[in-house]
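1. curious how this folds, go ahead:
(one chain, ligands or ions: 1)
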Amino acid sequence: MNEYLSPSFPTMRLRRLRKNAALRNMFRETSLSKNDFVFPLFIVEGNNKKKEIASMPNIFQMSVDAAVRECEELLNLGIKAVILFGIPERKDEKGSGAYAENGIIQKAIKGIKRSFPEMLVITDVCLCEYTSHGHCGVFENGDVANDATLELLVKEALSHAQSGADIIAPSDMMDGRIGKIRQILDENNFTDVPIMAYSAKYASAFYGPFREAAESAPQFGDRKSYQMDAGNSDEAMREIAQDIAEGVDIVMVKPALAYLDIIRRAKDEFNLPVAAYNVSGEYAMIKAAGANGWIDEERAMMEMLLSIKRAGADVIITYFAKDAARLI
Ligand code: PBG
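-> Just a heads-up that it's a prediction; the model follows:
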């Protein structure tokens, strides 16, 4: 800042530009757009199923047909992107439902793209929803085995692309997954399918409600040997740098609210689109406080989303997408 150009009080009065709504609107530095939002969908087997998640009011597990109807509503609201999570009927040690040709996500992608080819379908690539133990990879000698898990993740990513996914989003936090996934996509002529990596994904308490929604809570232990430690920021930059070296297109920081500094640092240090995941716990907190009349739910929601954008996110994955779109 150039001090010579900055007169101080009483010549300068910063309140001048806050005087009325027209001024405030004109000089607002950050604004939200419906183009920023991605809405998460939880897909279950069956027909005409829609079951609300107890800890996430207004968010549902849905069968494919219901998800297709949901996409119509989203498009009508101006939301053009979804991220899919699958809840298979059967789980096993190796999460085989994740890469089954007729798996739940594979069916959902095809169903949505058939009815709404313009809808951007992003798929979460991870094994935790498909493994009987609920961990994000294959379990060996008391921990998730990195390299053995990579073999399965590439199969999952490829089968999503073959089913018509527009963007592949690996959320497992195994080392080396981005390079392996880029390689298998390229070898199979999916050179134009982007990868949006959950690059800086923290081991967070804020995923609680999601694990109910996706029925993916670990049956023992926790995810701390693969997801990041909450105290680390330099390490997040190393994770992002690795993913860039391996060919990532969009990097993600997750959760959003407790990690706004990481979003800002990623934006400042790397010349790449940044996504932020406004996670289930962040949604549940505002919904619960709003339902109790303890905060103004709409205002708190918009303020939170704006803060994520202001921190530097280009894309916001959020359960609030529909509520916010109605206010934009
Ligand atoms: C899968 C995955 C999780 C979330 C997104 N992908 C859960 C986890 O890592 O335990 C959480 C999203 C949310 O809380 O809204 N690994």
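2. show me the contacts for Ala275.
-> Ala275 makes contact with 38, 196, 250-253, 313-317, according to CB atoms under 8 Å, 6 or more residues apart in numbering. The way it works is simple: take the backbone N, C-alpha and C, and place the C-beta from them, glycine included.
3. by neighbours, which of those wins?
-> Val253 (30 neighbours; other CB atoms under 10 Å).
4. what strands flank the helix or strand containing that one, and is each parallel or antiparallel?
-> Of the helices and strands defined by DSSP states H and E, Val253 is found in strand 250-254. Next to strand 250-254 in the sheet, as set by DSSP bridges, lie strand 196-201 (parallel), strand 274-278 (parallel).
5. of the contacts of Ala275, closest to Val279?
-> Lowest distance from Val279 to those (CB to CB) belongs to Ile317, with 8.4 Å.
6. the closest one and Asp36 touch, don't they?
-> No: Ile317 lies out of contact with Asp36 (CB atoms under 8 Å); the separation is 9.8 Å.
7. rewinding a little: how about the helix or strand that the strand holding Val253 is followed by: buried residues?
-> Downstream of strand 250-254, the next assigned helix or strand under DSSP H and E is helix 260-269. Neighbour counts over helix 260-269 (16 or more other CB atoms under 10 Å) mark 260, 262-267 as buried.
8. now swap in stretch 210-230 and tell me
-> 210-216, 218, 223, 226-228.
9. farthest pair in the residues you listed?
-> Longest span within the buried residues of stretch 210-230, CB to CB: Glu215 and Met228, 23.7 Å.
10. check the gap between Pro88 and the ligand for me.
-> Distance, Pro88 to the ligand, using CB to the nearest ligand atom, to the nearest Å: 14 Å.
11. tell me who's in contact with that residue.
-> Residues in contact with Pro88 (CB under 8 Å, 6+ apart) are 45, 97-98, 100, 103-104, 129-130.
12. per-residue pLDDT of the residue lying closest to it once chain neighbours are set aside, please?
-> Excluding its sequence neighbours, the residue lying closest to Pro88 (CB to CB, 6 or more residues apart in numbering) is Gly97, at 3.3 Å. Gly97 is assigned 96 on the pLDDT scale.
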